[in-house]
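J.: Here's my sequence, what's the structure:
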Amino acid sequence: MKLRAKVESAVVAHARRALPAECCGLLLGTPDAVLDSMPAANIADDPTRRYLVDPRDHLQAIRIARQRGLEVVGAYHSHPRSSAQPSATDAAQAFGEFLWIIVGFSGSSPDLRAWSWVEGNFVPVTLVRVPEGEG
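T.: As a prediction, the model looks like this:
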């Protein structure tokens, strides 16, 4: 999966701003490339432990994607105190045909990883970082 460098930078910056809470947002693109991201409000009861994308932000992302000839191809969120590995909560909310990007803060610098949900399991997705204008 191609990932524009500006998208990676924006997602990581959003995750840093949200600390100590989890951030969340949506990914816009095509079946083989993430071309943009849209931050969303985290409306979870305890945003320091989980995330829940505001449905209004999800609908807005769908509208914007359609206007631009794109799709909502995935979502992102952060793990403020742990790695970019999917959690049990992530698995309980997962569904197929969607890209899941997680930004983890278990080390000295953020770690961004991508996953897909295949037959009840998260499978790592290789991200190919591309400069702006490509992808």
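
J.: Helices along this protein, start to end?
T.: 5-18, 55-67, 88-93 (DSSP state H).

J.: what's the closest of the ones you listed to residue 48?
T.: Among those, helix 5-18 comes nearest to residue 48, with 9.7 Å by Cβ to Cβ. The C-beta positions use only the backbone N, C-alpha and C, and glycine is treated the same way.

J.: Got the confidence number for residue 94?
T.: pLDDT recorded at residue 94 is 89.

J.: Tell me the bridge partners for the residue nearest to it when sequence neighbours are not counted.
T.: Excluding its sequence neighbours, the residue lying closest to residue 94 (Cβ to Cβ, 6 or more residues apart in numbering) is residue 117, at 4.1 Å. Counting by DSSP bridges, residue 117 is bridged to residue 122.

J.: Please tell me how far residue 117 sits from residue 7.
T.: To residue 7, residue 117 is 20 Å away according to Cβ to Cβ, to the nearest Å.

J.: Over to residue 46?
T.: 27 Å.

J.: Quick one: the strands in the protein, in order.
T.: For the chain, the strands defined by DSSP state E cover 2-4, 24-30, 33-40, 71-79, 99-104, 111-118, 121-125, 128-130.

J.: Export those as TSV, with columns for mean pLDDT and distance to residue 65.
T.: Shown next, in TSV, are the strands of the chain (pLDDT from 0 to 100; distance: least, Cβ to Cβ, whole Å):
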stretch	mean pLDDT	distance to residue 65
strand 2-4	96	15
strand 24-30	98	5
strand 33-40	97	8
strand 71-79	97	5
strand 99-104	97	14
strand 111-118	95	18
strand 121-125	96	20
strand 128-130	93	19
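
J.: Please produce TSV containing those strands, extended by distance to residue 13 and mean neighbour count.
T.: Output for these, formatted as TSV (distance: least, Cβ to Cβ, whole Å; neighbours: other Cβ atoms under 10 Å):
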stretch	distance to residue 13	mean neighbour count
strand 2-4	14	21
strand 24-30	11	23
strand 33-40	10	22
strand 71-79	11	23
strand 99-104	10	22
strand 111-118	11	18
strand 121-125	21	13
strand 128-130	16	14
